[in-house]
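**Q** compute the structure for the input listed below.
(one chain, ligands or ions: 1)
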Amino acid sequence: MNRRVDAVQALARFLSQRAELSEADLYLAGLSREEALELACAAARPVDGGDGRQQRAVAAEAGADVSAAPAPEPAPNPREVLLPEGYEELRQAALACTRCRLAEGRTPVVFADGNPDARVMVVGEAPGANEDATGLPFVGAAGQFLDLLLATVGLSRRENVYIANVLKCRPPGNRDPLPDEIEACAPFLHRQIDLVRPEALLAVGSFAARLLTGREKSALGRLRGTVHSYRGIPLVVTYHPAALLRNPKWIRPFWDDLQLLTRILDA
Ligand code: SF4
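**A** Here you go, the predicted model:
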């Protein structure tokens, strides 16, 4: 049994014990920063390489809300009509894409990971250094921590989770995605969601949350705690796992959001 499986099982046992003790309010809030980081590091394969993504994710999560007004569901982007209808054709189109400047600096296009027949689709921000090196989303320490947390509620990218990002190519230096890059790349994501048609969506981080809710100026904190709708699919918004590694105080809210997600799946 490898270290990652050990770590997942350790956290699962921890949570099960809390639940058996009726300590539903404790859960992951009971993990110290060291415990959470130790589990994440034990689960990690390559680490993030100090590329700055964690710090940037934290800063994005902490942004101020400038508009709390409810927004309509995002309208389909007209550029979507240019994309193929089938999943494999869509994937091939993305792998060859040169729609935006990010094509120049990427290694591979990072299209997705997980089961295209998933119950849950997780949407993140953009590839980082590890993702650019492997061609898979969420493979650094933050991704391993995400896997670990999802496993505690019976979700796994091997079985019932599909993961993709707003951007399919790594921004240089892991800077924030630019609006025109999101506009160029988002049609791939919208079509992916249409094809996977999950029972629920989990947007992690501000960029995914704002894109899928259509509330582009709202702080993440204002978007959490409620079930949105993306073209009729229930959508839960939460923190990026990189932010959790940086600020363990957000693990508890993340856990609350996972509970909201599981209630949707159980309904
Ligand atoms: S980020 Fe998206 S739109 Fe830009 S080149 Fe990559 S796949 Fe194409």
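**Q** count of neighbours near Gly105?
**A** Per other CB atoms under 10 Å, the neighbour tally for Gly105 reads 12. Just so you know, the C-beta spots here come from the backbone N, C-alpha and C atoms, and that holds for glycine as well.
**Q** buried stuff in stretch 155-170?
**A** Buried residues in stretch 155-170, counted by 16 or more other CB atoms under 10 Å: 155-157, 160-170.
**Q** again, but for stretch 197-210
**A** 198, 200-210.
**Q** and which of the residues you listed is nearest to Ile251?
**A** Val204 (13.0 Å; CB to CB).
**Q** what residues does the protein have near the ligand?
**A** 94, 97-100, 102-103, 109, 167-169, 181, 184-185 (CB under 6 Å from any ligand atom).
**Q** separate out the buried members of those.
**A** Buried, going by 16+ other CB under 10 Å: 94, 97, 99-100, 102, 109, 167-169, 181, 184-185, out of the residues of the chain next to the ligand.
**Q** show me the shaky parts of the protein.
**A** 1-81 (pLDDT under 70).
**Q** which stretches of this structure form strands?
**A** 113-114, 120-124, 161-165, 200-204, 228-230, 233-238 (DSSP state E).
**Q** okay if I get those strands as CSV plus distance to Leu149?
**A** Converted to CSV, those look like this (distance: least, CB to CB, whole Å):
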stretch, distance to Leu149
strand 113-114, 15
strand 120-124, 11
strand 161-165, 11
strand 200-204, 10
strand 228-230, 20
strand 233-238, 10
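**Q** any idea how far Gln259 is from the spatially closest residue to Arg197 that is not a sequence neighbour?
**A** Once flanking residues are discounted, Arg197 sits nearest to Ile233: 7.4 Å by CB to CB, 6 or more residues apart in numbering. With distances taken as CB to CB, to the nearest Å, Ile233 is found 19 Å from Gln259.
**Q** do Val236 as well
**A** 10 Å.
**Q** those two - which one has more neighbours?
**A** Val236 (26 against 14).
**Q** mind listing what that one touches?
**A** Counting by CB atoms under 8 Å, 6 or more residues apart in numbering, Val236 touches 200-203, 227-228, 257, 260-261, 264.
**Q** now do Leu83
**A** 90, 93, 187-188, 191.
**Q** would you format those as CSV with distance to Asn115 and neighbour count included?
**A** Listed next are the contacts of Leu83 as CSV, based on distance: CB to CB, whole Å; neighbours: other CB atoms under 10 Å:
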residue, distance to Asn115, neighbour count
Leu90, 16, 20
Ala93, 21, 18
Pro187, 22, 20
Phe188, 18, 26
Arg191, 17, 21
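**Q** distance between the ends of stretch 147-160?
**A** 12 Å (CA to CA, to the nearest Å).
**Q** let's have the chain start at 22 instead
**A** Done: numbering now begins at 22, and the last item shifts to stretch 168-181.
**Q** re the thing from before, take the residues of the chain next to the ligand and keep only those in helices.
**A** In helices, defined here by DSSP state H, the members of the residues of the chain next to the ligand are 115, 202, 205-206.
**Q** pick out the most distant pair among those residues.
**A** Among those, Ala115 and Glu202 lie farthest apart (CB to CB), at 13.8 Å.
**Q** ok, back up a step: quick check, nearest of the buried residues of stretch 218-231 to the ligand?
**A** Phe228 (12.5 Å; CB to the nearest ligand atom).
**Q** pull the contacting residues for the closest residue in space to the closest one that isn't next to it in sequence.
**A** Nearest residue to Phe228, sequence neighbours excluded (CB to CB, 6+ apart): Glu146, at 4.6 Å. Contact analysis of Glu146 by CB under 8 Å, 6+ apart lists 78, 186-188, 198, 225-229, 261.
**Q** and Glu146, how far is that from Leu244?
**A** With CB to CB as the criterion, Glu146 and Leu244 are 15 Å apart.
**Q** check Phe275 too.
**A** On the measure of CB to CB, Phe275 and Leu244 end up 14 Å apart.
**Q** then Glu180?
**A** 28 Å.
**Q** how about Asn181?
**A** 24 Å.
**Q** over to Lys238?
**A** From Lys238 over to Leu244 (counting by CB to CB), the distance is 11 Å.
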